[in-house]
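Asks: Provided below for reference: sequence and predicted model.
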Amino acid sequence: MSGHSKWATIKHKKAALDAKRGKAFTRLIKEIAIAARSGGDPEGNARLRTAVAAAKAVSMPADNIKRAIMRGTGELEGGQIDEIMFEGYGPGGAAIMVACATDNRNRTVSEIRHIFSKNGGNLGGEGSVAWMFERKSQIVIEKDKATEEQLMNIALDAGADDVRDEGEQWEIISAPEAHNAVVEALQKTPIATVSAELALLPKSLNKVEGKHVNAMIKLTEALEEHDDVQNVYSNFDFDEAEVSA
């Protein structure tokens with residue numbers, strides 16, 4: 001049974017295209033570099049281990065992973081990357097969290113604020129919407145890559161909580177501490193993943209209606225397209241009949 005928003009499904013389809021265009025690589029390289037600041041050995045650095053697993057899940061070359069780690073540890077030159085989390089509301093009142101990684105904090109704050117205001121949203125203060133989300137392991141797999149029974153057998157045995165039917169894709173949800181075990185279990189099979197990451201999932205959905213539906217989609221897409229944005233999370237849900245072509 002589906003437990004996620006239709007916008008999340010749209011986002012996952014877009015993620016598959018982004019992977020082909022290389023945007024997913026850029027996002028993951030930043031995450032690896034940030035994680036490696038706490039230590040370049042994945043075995044002793046849980047966040048780095050998760051980032052490397054996500055990179056391998058989208059077939060990132062080992063050399064790219066190695067260079068990203070070396071940048072994070074300072075063995076290769078590169079600007080300091082900072083993390084920023086924005087919280088706010090979109091048209092119709094849906095909550096939004098935007099995770100960014102940037103080498104120019106002031107620029108990113110200004111540009112994200114502009115995207116919100118230009119598209120009918122409002123930035124909130126720290127903690128304004130974070131309580132509506134929970135961190136979970138989220139692995140997305142296209143329907144034609146595996147059956148539900150296959151994924152149930154693999155994922156649940158590895159410690160996953162649930163396998164959800166999200167239309168054209170499967171979504172495996174686990175507690176954060178089970179993430180690496182589930183990813184490693186899938187890597188032992190021929191099953192390809194669209195994405196594998198620790199995500200902020202909404203505890204409940206906010207139904208948006210009327211003109212706010214397309215305005216909300218426009219805002220989330222504008223945020224996703226920004227170079228510094230790593231992820232956009234929302235509790236946005238809607239009726240597909242209200243989406244303009």
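Replies: Cool, the structure landed.

Asks: Could you find the closest non-adjacent residue to Leu218?
Replies: Just so we're on the same page, residue 218 is Lys rather than Leu. Nearest residue to Lys218, sequence neighbours excluded (CB to CB, 6 or more residues apart in numbering): Asn119, at 5.6 Å. Heads up, the C-betas are built off the backbone N, CA and C, glycines and all.

Asks: show me what contacts the one you found?
Replies: Going by CB atoms under 8 Å, 6 or more residues apart in numbering, Asn119 touches 90-91, 215, 218-219, 222.

Asks: Can you pull the phi and psi angles for it?
Replies: Phi and psi for Asn119, reported as degrees, to the nearest 10, are phi -110, psi 20.

Asks: still on that earlier bit, show me the two of the contacts of Asn119 that sit farthest apart.
Replies: Spatial extent of the contacts of Asn119 (CB to CB) is set by the pair Pro91 and Ala222 at 12.1 Å.

Asks: between these two, which one's more packed in?
Replies: A direct count of neighbours by other CB atoms under 10 Å for Pro91 and Ala222 places Pro91 higher, at 21 against 18.

Asks: Let me know the secondary structure of the most far-flung residue of the chain relative to its centre.
Replies: Distance to the chain centre peaks in the chain at Glu75, reaching 27.6 Å (criterion: CA atoms, centre = their mean). The local conformation at Glu75, judged by DSSP: H, G, I helix; E, B strand; the rest coil, is coil.

Asks: Let me know the secondary structure of Leu186.
Replies: Here Leu186 is recorded as helix under three-state DSSP.

Asks: and what of Ala101?
Replies: For Ala101, the assignment made with three-state DSSP gives strand.

Asks: my guess is it meets His226, correct?
Replies: No - using CB atoms under 8 Å, Ala101 is not in contact with His226; the gap is 11.0 Å.

Asks: low-scoring stretches of the chain, by residue?
Replies: 1-22, 245 (pLDDT under 70).

Asks: go with 50
Replies: Within the chain, the stretches with pLDDT under 50 are 1-3.

Asks: And it, split by domain according to the record?
Replies: 6-73, 82-131+205-239, 132-202 (automatic domain parsing).

Asks: quick one: the helices in the chain?
Replies: Under the criterion DSSP state H, helices of the chain are mapped to 6-21, 23-36, 46-57, 62-73, 105-118, 148-151, 157, 179-187, 211-225.

Asks: Name the residues that touch the fifth one?
Replies: Around helix 105-118, the neighbours that count as contacts under CB under 8 Å, 6+ apart are 82, 84, 86, 88, 98, 100, 102, 121-123, 219, 222-223, 226, 228-229.

Asks: between Ala101 and His226, who's got more neighbours?
Replies: Ala101 (21 against 16).

Asks: how about that one, what does it touch?
Replies: 27, 30-31, 34, 81-84, 228, 230.

Asks: 7 Å - rerun?
Replies: Residues in contact with Ala101 (CB atoms under 7 Å, 6 or more residues apart in numbering) are 30-31, 34, 81, 83, 228, 230.

Asks: Please report the distance of the residue nearest to Ala215 when sequence neighbours are not counted from Val208.
Replies: With sequence-adjacent residues excluded and distances taken as CB to CB, 6+ apart, Ala215 is closest to Pro91, at 3.9 Å. Using CB to CB, to the nearest Å, we find Pro91 at a distance of 7 Å from Val208.

Asks: joint contacts of those two?
Replies: Common contacts of Pro91 and Val208 (CB under 7 Å, 6+ apart): Met216.

Asks: Quick check: longest strand in this protein by residues?
Replies: Looking across the chain with DSSP state E, the single longest strand is strand 133-142.

Asks: and the angle from it to helix 179-187?
Replies: Calculated by axes from the mean of the first three to the mean of the last three CA atoms, to 10 degrees, strand 133-142 forms an angle of 0 degrees with helix 179-187.
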